[in-house]
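> Structural data only, the sequence is not supplied:
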């Protein structure tokens with residue numbers, strides 16, 4: 001459970017927890033900054049989810065275990081790098097979640113398990129491939145499974161534009 005935001009003796013859950021699915025895409029940085037500014041301006045908090053997706057099956061358990069561990073270490077580094085940005089922009093530490101599995105499934109499981117997560121923030125891809133597989137899924141077949149509002153931020157927003165809308 002998130003730490004209290006106030007000095008009261010009873011734990012207070014922030015009014016809004018903005019969840020960002022992190023990776024190394026350029027548009028993810030836009031979603032992260034948007035979520036940070038919204039959290040800072042509304043007394044909320046940011047949560048970060050990084051999902052280690054299954055690799056290909058090689059038939060050699062030792063090799064597969066080493067590759068899985070390498071992917072997990074890389075995911076932890078990504079989470080820590082983005083957590084520092086959240087701390088710089090909001091003055092608070094984010095909630096960190098590291099999961100293994102299929103990204104869309106793990107995201108939906110997390111939102112079902114953690115009732116205080118209130119808004120999912122994603123940024124649309126800027127390339128010709130479209131908004132991205134996660135957004136495509138959540139605005140299509142996965143929409144019925146999503147229990148929280150989804151904010152889709154244009155992936156090309158500048159810092160000034162993000163600040164103007166938050």
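Sure, I can see it. In this text, all values refer to a predicted model and were calculated from it rather than measured experimentally. Numbering: from 1, shown residues only.

> What is the longest helix of the protein by residue count?
With DSSP state H setting the assignment, residue counts place helix 61-90 as the longest helix in the chain.

> taking the mean pLDDT, what do you get for that helix?
Mean pLDDT, helix 61-90: 90.

> Figure out the helix or strand that residue 134 lives in.
For residue 134, the element it lies in under DSSP states H and E is helix 133-138.

> Going by contacts, tell me the helices and strands next to that helix.
helix 103-113, strand 119-123 (3 or more Cβ pairs under 8 Å, 6 or more residues apart in numbering; DSSP states H and E). Every C-beta, even on glycine, is put in place using the N, C-alpha and C of the backbone.

> circling back to that earlier point, how far away from the center of its chain is the longest helix of the chain?
Taking the mean of its C-alpha atoms, helix 61-90 sits 13 Å from the chain's own mean (Cα atoms, centre = their mean, to the nearest Å).

> ok and the helix or strand following that helix relative to helix 103-113, angle-wise?
Using DSSP H and E, the helix or strand that follows helix 61-90 in sequence is strand 95-100. Strand 95-100 and helix 103-113 are oriented at 130 degrees to each other (axes from the mean of the first three to the mean of the last three Cα atoms, to 10 degrees).

> Strand 95-100 pairs with which strands, and in what direction?
The strands that strand 95-100 pairs with in its sheet are strand 45-52 (parallel) (by DSSP bridges).

> and the angle for the partner strand with strand 119-123?
Note on geometry: by the same axes, to 10 degrees, strand 45-52 and strand 119-123 are set 60 degrees apart in direction.

> pLDDT on strand 45-52, on average?
In the prediction, strand 45-52 has an average pLDDT of 97.

> And it, what's buried?
Along strand 45-52, the positions that meet the burial threshold by neighbour count (16 or more other Cβ atoms under 10 Å) are 45-52.

> do the same with stretch 111-130
Taking 16+ other Cβ under 10 Å as the basis for neighbour counts, the residues of stretch 111-130 that come out buried are 111, 114, 117-125.

> farthest pair in these?
Within those, 114 and 125 form the most distant pair, 26.0 Å apart (Cβ to Cβ).

> mind checking the SS state of the residue lying closest to residue 27 once chain neighbours are set aside?
Nearest-residue entry for residue 27: residue 155, 3.1 Å, with adjacent residues in sequence omitted and distances by Cβ to Cβ, 6 or more residues apart in numbering. Residue 155 falls in the coil class when you classify it by DSSP: H, G, I helix; E, B strand; the rest coil.

> Check what pLDDT residue 30 gets.
Predicted confidence (pLDDT) at residue 30: the value is 97.

> Lovely, talk soon.
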